[in-house]
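# The following comprises the amino acid sequence and a computationally predicted model.
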Amino acid sequence: MKKILNYISIALLALTLFSCNKNEWTPEKETEFKQALKDTLQSKGKDLFSDDQIVSITDCIFDKIKSKNIKPNDAEKGENLTMAFQMGKECSQEIIAKTNATWNPQSEKTYTAALKRTFTQSGFKNEQASALADCAITKLKEQNISPADLQDPKKAAQIQKIGLDCGKELAKKK
């Protein structure tokens, strides 16, 4: 009996030691975590973020998670998941503000595609969606609204008005 208890004690000790190391950030776990995050951003944020932005957002989120001392197995707990979503939002806004201060061919292409997809999903025909997206981007640029401004709640009414104006223009062309 004493022999069995010794084996159980050794097994529990080994399990405890193994478990302690299991919930630490290793280079492999970091790589795996970042890859999963990148994959999610590429699928969910399709046409919203460039590849460079996705890498920057991923790095930012990971750095924030580590700074809050959230371990790999703790990342999916309710309170940490909520915090991670907030971190993702903050990182996205920071990166967009840094990289989208002005319109450039890449940001214009990205936002035009995103708008077109949104309009198509809302029931517009492909050519109508393209016309609306092109109109919106043109008017945003005319009114000096940068891609970073699209996240600014203070600009929401102005951006909404641009969408309505483009819809009216499309209706007149029919």
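On my side now, so go ahead.
# confidence score at Asp165?
Looking at Asp165, its pLDDT is 92.
# just checking, it touches Lys139?
Yes: between Asp165 and Lys139 there is a contact under C-beta atoms under 8 Å: 6.6 Å. (Glycine included, C-beta is placed from N, CA and C.)
# Pretty sure Asn80 sits against Ile70.
Yes: judged on C-beta under 8 Å, Asn80 makes contact with Ile70 at a distance of 5.3 Å.
# ok, those two, which is more surrounded?
The neighbour comparison of Asn80 against Ile70 (other C-beta atoms under 10 Å) goes to Ile70, with 20 against 16.
# tell me the contacts of the more buried one?
Residues near Ile70 by C-beta atoms under 8 Å, 6 or more residues apart in numbering: 80, 83-84.
# same thing with Cys135?
With C-beta under 8 Å, 6+ apart, Cys135 has these contacts: 165-166, 169-170.
# what do you get for Lys98?
Counted by C-beta under 8 Å, 6+ apart, Lys98 has contacts Ser56.
# gap between the nearest residue to Phe119 once chain neighbours are set aside and Lys116?
In space, and not counting its chain neighbours, Phe119 is closest to Ala129: 3.6 Å by C-beta to C-beta, 6 or more residues apart in numbering. To Lys116, Ala129 is 5 Å away according to C-beta to C-beta, to the nearest Å.
# One more: Asp39?
Counting by C-beta to C-beta, the gap from Asp39 to Lys116 is 24 Å.
# Give me the more crowded residue out of these two.
Neighbours per residue (other C-beta under 10 Å) separate Asp39 from Lys116, with Lys116 holding more: 21 against 12.
# Please name the nearest non-neighbouring residue to the more buried one.
Ala133 (4.2 Å).
# Would you tell me what the next helix or strand after the worst-scoring helix or strand of the chain on mean pLDDT is?
In the chain, no helix or strand scores lower on mean pLDDT, DSSP states H and E than helix 2-22, which sits at a mean of 41. Downstream of helix 2-22, the first helix or strand assigned by DSSP states H and E is helix 27-44.
# Pull the CA coordinates from that next one and hand them back as PDB.
Taking Å, rounded to 0.1, in the frame of the first residue of the first chain, the C-alpha atoms of helix 27-44 are listed here in PDB:
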ATOM      1  CA  PRO A  27       7.900  30.600 -28.200                       C
ATOM      2  CA  GLU A  28       5.800  27.700 -29.600                       C
ATOM      3  CA  LYS A  29       2.700  28.800 -27.800                       C
ATOM      4  CA  GLU A  30       3.300  32.400 -28.700                       C
ATOM      5  CA  THR A  31       3.600  31.500 -32.400                       C
ATOM      6  CA  GLU A  32       0.500  29.300 -32.200                       C
ATOM      7  CA  PHE A  33      -1.500  32.100 -30.500                       C
ATOM      8  CA  LYS A  34      -0.400  34.700 -32.900                       C
ATOM      9  CA  GLN A  35      -1.100  32.500 -35.900                       C
ATOM     10  CA  ALA A  36      -4.600  31.800 -34.700                       C
ATOM     11  CA  LEU A  37      -5.200  35.500 -34.100                       C
ATOM     12  CA  LYS A  38      -3.900  36.400 -37.600                       C
ATOM     13  CA  ASP A  39      -6.100  33.700 -39.200                       C
ATOM     14  CA  THR A  40      -9.100  35.100 -37.400                       C
ATOM     15  CA  LEU A  41      -8.300  38.700 -38.400                       C
ATOM     16  CA  GLN A  42      -7.800  37.600 -42.000                       C
ATOM     17  CA  SER A  43     -11.100  35.800 -42.100                       C
ATOM     18  CA  LYS A  44     -13.300  38.100 -40.000                       C
END
